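1. have a look at this prediction, sequence included:
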Amino acid sequence: MSYDLSLLGWTELLAGGLPADTVPARVSRVDRGAAEVIAADGQHHVKYSARVRRASAADPVALPCVGDWVAIRWLPEGRYEVDEVLPRSTAFVRGGVSRDSVGGLSGDGQGQVLAANVDLVFVAEPSMHSTDFADLGRIERLVALAWESGGTPVVLITKSDLFEKGLDDLLDDVRAAAPGVAVHAVSSLHGDGVELVGEYLGGSRTAVILGPSGAGKSTLVNALAGGTVMDTQQVRAADGRGRHTTVHRELIPLPGGGLIIDTPGIRRIGLYDMAEGVELVFSDIEALAELCRFGDCGHTGEPGCAVLEALESGRLPERRLVSWRKLQREAQWMASRTDARLRKEQQNKWKIIHKEMRRSGRNRP
Ligand SMILES: Nc1nc2c(ncn2[C@@H]2O[C@H](COP(=O)(O)OP(=O)(O)OP(=O)(O)O)[C@@H](O)[C@H]2O)c(=O)[nH]1
Ligand SMILES: [Zn+2]
């Protein structure tokens, strides 16, 4: 079997960085120190070169991950090995390595790349989730995460068939929660919007789908793939394996062009290192904050606070300000937890503060 790599997203730009005597391949799956890759001459199971192993031992971010383009070299003993990970255009990085992650080499606060070279991030949120409507706060988080990865978010309000009246109002609310992001209603059940989603992938773009369990991600991937490539909850319930059992860790080429990455890691992705993403999601509040009288306004009652003025006049929904504060706190907390440099700075700051305290204590009359 041979593959046209341009359909898998291979570009001229990437070709420029290919080391001598290697050929390109895209990682479709990783598995403890080895990767499944797709090269022009077929699929291969490849181990990592000593250089790749050394680099990843020093920094897990250097490990090949699904979506990566790698240079593979044919060895005299008759097999390929991964010679180098080519520069990534985007990356989903998880700070720290979770207990149950497969192939995590490091346990302490260093980043792990979950997926690379992802152009589009579909944020799937069901229009109705058991008895609740779409969760705007969750959309905000996942959109922030998407921006942070370098990919372009697109919000999909799934299961739109569950919502007869008021869908347009819901979409308006979602658009307000994700300024500058395309928002579409999708029903995999009726086929509404599925084609449109497929068009985003046009040609050879790569996407991931984020969203809560039960959002209909697998069902949508199946609809796009025109067959059952992912187990859906129903299938899994029938064989008694329960819900959170997606074991696929794959790059799925779609018949209409484009690829979807669906891995357990991406499915479980939370809130990590997303300070910049938060700024983009809350561009409306960030713009207001620029108009505050004081540059360091905390928006908690300072005179001339444009944020609170907008809140009072009703232009800024209170829910939005509450989400913003919450996400900022969480993003700061995650950053301080995962970013060793920041941690060190904070330790130094506390050292200085403690020293000051001791000194002022000594100098007290
Ligand atoms: N009414 C309706 N139900 C849907 C639609 N899409 C999916 N479902 C149902 O929603 C349930 C969950 O769908 P899945 O595709 O397994 O959801 P998921 O997001 O992949 O869930 P996890 O694998 O747990 O992350 C299944 O019972 C689907 O049949 C839709 O467009 N409309
Ligand atoms: Zn203010």
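-> Everything's here; your move. These figures come from a predicted structure and were not determined experimentally. Ligands and ions are numbered 1, 2, ... in the order given.

2. helix/strand/coil for the spatially closest residue to Gly265 that is not a sequence neighbour?
-> Sequence neighbours aside, Leu114 is the residue nearest to Gly265 in space, at 4.1 Å (criterion: C-beta to C-beta, 6 or more residues apart in numbering). For glycine as for every other residue, the C-beta is placed from the backbone atoms N, C-alpha and C. Under DSSP: H, G, I helix; E, B strand; the rest coil, Leu114 falls in the strand class.

3. for Leu114, the count of nearby residues, please.
-> 26 (other C-beta atoms under 10 Å).

4. show me what contacts it?
-> By C-beta atoms under 8 Å, 6 or more residues apart in numbering, Leu114 lies in contact with Cys65, Val66, Phe92, Val93, Arg94, Thr263, Gly265, Ile266, Ile269.

5. and of those, the nearest to ligand 1?
-> Ile266 (10.3 Å; C-beta to the nearest ligand atom).

6. is ligand 2 contacted by stretch 280-295?
-> Yes - residues of stretch 280-295 are located near ligand 2 by C-beta under 5 Å from the ion, namely Cys292.

7. rewinding a little: distance of the residue nearest to Gly265 from ligand 1?
-> 15 Å (C-beta to the nearest ligand atom, to the nearest Å).

8. please report how far that residue lies from Glu309.
-> 41 Å (C-beta to C-beta, to the nearest Å).

9. cool, and Gly33?
-> 57 Å.

10. run the chain-centre distance for stretch 192-205.
-> From the chain centre to the centre of stretch 192-205 is a distance of 19 Å (C-alpha atoms, centre = their mean, to the nearest Å).

11. what's in contact with that stretch?
-> 6-10, 119-120, 122, 154, 156, 160-161, 184-188, 207, 220, 223-224, 254, 256-260.

12. what subset of those residues is also close to ligand 1?
-> Asp161, Ser187, Ser188 (C-beta under 6 Å from any ligand atom).

13. for those residues, could you give me JSON lines that also reports pLDDT?
-> As requested, those are exported to JSON lines (pLDDT from 0 to 100):
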{"residue": "Asp161", "pLDDT": "92"}
{"residue": "Ser187", "pLDDT": "96"}
{"residue": "Ser188", "pLDDT": "94"}
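
14. and which of the residues you listed is nearest to Trp324?
-> Closest approach between those and Trp324, by C-beta to C-beta: Ser187, at 31.1 Å.

15. quick one: residues contacting the closest one.
-> Thr158, Lys159, Ser160, Asp161, Gly193, Val194.

16. can you rerun that using 10 Å?
-> 127, 157-163, 193-194, 216, 219-220, 223 (C-beta atoms under 10 Å, 6 or more residues apart in numbering).

17. check Val118 too.
-> Counting by C-beta under 10 Å, 6+ apart, Val118 has contacts 9, 66-67, 88-92, 146, 149-152, 205-208, 259-261, 266.

18. so it lies in a helix, does it not?
-> No - counting by three-state DSSP, Val118 falls outside a helix, being coil.

19. what about the nearest residue to it once chain neighbours are set aside, distance to Ile209?
-> Leaving aside its chain neighbours, Val118 sits nearest to Gly151 (4.6 Å; criterion: C-beta to C-beta, 6+ apart). In this view, Gly151 and Ile209 are 12 Å apart by C-beta to C-beta.

20. what sits in contact with each of the two?
-> Shared contacts of Gly151 and Ile209 (C-beta under 10 Å, 6+ apart): Leu120, Val121, Phe122.

21. tell me how many other residues surround the closest residue to Leu63 other than its chain neighbours.
-> Closest residue to Leu63 apart from its sequence neighbours, by C-beta to C-beta, 6+ apart: Ser56 at 4.2 Å. Other residues lying near Ser56 total 19 when counted by other C-beta under 10 Å.

22. next one: Asp296
-> If you count neighbours by other C-beta under 10 Å, Asp296 ends up with 6.

23. for it, give me phi and psi.
-> Dihedral pair for Asp296: phi -100, psi 30, per degrees, to the nearest 10.

24. and the residue of the stretch 251-365 of the chain nearest ligand 1?
-> Of all residues in the stretch 251-365 of the chain, Arg267 sits closest to ligand 1, at 5.4 Å by C-beta to the nearest ligand atom.
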